[in-house]
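Student: sequence and predicted structure, then a few things I'm wondering about:
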Amino acid sequence: MLTLYDAARCPYCARVRIVLAEKDVEYEAIEIDLSDRPAWIYEKNSTGRVPVVEEDGWVLPESAVIMEYLEERHPEPPLLAADPADRALARLRIFRHDTFTDPYYALRRGDESARPAFDAQLARLDAMLELQPWLSGAGYGLADVAYVPWVLRARHLLGVELGPYPALADWLERVSSRPAVAAEAGIVAAL
Ligand SMILES: N[C@@H](CCC(=O)N[C@@H](CS)C(=O)NCC(=O)O)C(=O)O
């Protein structure tokens with residue numbers, strides 16, 4: 001069985017939890033205390049970070065890579081489009097997620113000067129979602145999973161209102177109707 005080295009508050013782990021739930025993969029979660037990480041986690045991942053998955057002694061860190069691994073290992077239901085061009089655009093959005101999360105983490109550290117940059121990122125997602133229903137393109141998929149943990153946390157932990165971003169607010173409502181994402185919204189509410 002797959003083991004996930006996990007942390008409830010970690011949005012990168014949330015990506016993996018969502019994909020596992022979407023694909024109905026059974027797994028064992030081992031909660032890692034991020035404020036007092038066990039030394040052995042460095043044997044699983046040289047950076048000491050979570051998420052890490054392990055299967056029969058085979059170990060894989062990095063949420064974006066884990067999502068792709070799970071997509072290939074458990075192809076149903078698909079979370080990448082059939083068309084290579086659409087898949088590439090979803091991957092590009094995942095690859096560039098730092099442009100969204102950098103100002104998010106600055107705000108989490110209390111750096112209010114990052115507020116305009118984060119607002120600009122919310123506006124960028126909103127503009128994307130005016131043109132297409134999902135961040136992954138025509139269908140829900142990995143790019144949506146890659147961003148939703150931070151959008152949920154921005155609302156809950158930073159008090160971000162999505163009123164000025166109607167397409168993003170509509171996306172969050174649609175994405176949150178999926179049980180895999182609703183479960184994450186519950187975890188975020190308890191943070
Ligand atoms: N690039 C990694 C980032 C993972 C990450 O930063 N995880 C955080 C928790 S949300 C962590 O383990 N932090 C501990 C540390 O940085 O020492 C991924 O996508 O999996």
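Tutor: Cool, the structure landed. Source: prediction; values computed, not measured.
Student: C-alpha from now on. contacts and neighbour counts both.
Tutor: Will do.
Student: tell me how the protein divides into domains.
Tutor: 2-73, 84-189 (automatic domain parsing).
Student: these: which one's closest to the ligand?
Tutor: domain 2-73 (3.2 Å; Cα to the nearest ligand atom).
Student: show me what from this structure comes close to the ligand.
Tutor: Proximity of the chain to the ligand, by Cα under 6 Å from any ligand atom, involves residues 10-12, 34, 49-51, 62-64.
Student: given the strand or helix carrying Ala29, what are its sheet partners and their directions?
Tutor: For Ala29, the enclosing helix or strand under DSSP states H and E is strand 27-31. Applying DSSP bridges to the sheet, strand 27-31 is found paired with strand 2-6 (parallel).
Student: on that earlier part again, now the strand holding Ala29, how far from the centre of its chain.
Tutor: Here strand 27-31 is found 17 Å from its chain centre; the criterion is Cα atoms, centre = their mean, to the nearest Å.
Student: which helix or strand lies directly C-terminal to that strand?
Tutor: Taking DSSP H and E, what comes next after strand 27-31 is helix 41-44.
Student: which parts of this structure are helices?
Tutor: 11-22, 41-44, 63-73, 84-95, 98-108, 115-131, 142-158, 166-176, 179-189 (DSSP state H).
Student: possible to save the domains of the chain as TSV with mean neighbour count and mean pLDDT?
Tutor: Listed next are those as TSV, based on neighbours: other Cα atoms under 10 Å; pLDDT from 0 to 100:
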stretch	mean neighbour count	mean pLDDT
domain 2-73	17	97
domain 84-189	17	97
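Student: tabulate the helices of the chain (JSON lines), appending distance to Leu2.
Tutor: Compiled in JSON lines, those are given as follows (distance: least, Cα to Cα, whole Å):
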{"stretch": "helix 11-22", "distance to Leu2": "10"}
{"stretch": "helix 41-44", "distance to Leu2": "14"}
{"stretch": "helix 63-73", "distance to Leu2": "11"}
{"stretch": "helix 84-95", "distance to Leu2": "24"}
{"stretch": "helix 98-108", "distance to Leu2": "28"}
{"stretch": "helix 115-131", "distance to Leu2": "33"}
{"stretch": "helix 142-158", "distance to Leu2": "20"}
{"stretch": "helix 166-176", "distance to Leu2": "25"}
{"stretch": "helix 179-189", "distance to Leu2": "18"}
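Student: fine by me, we can end here.
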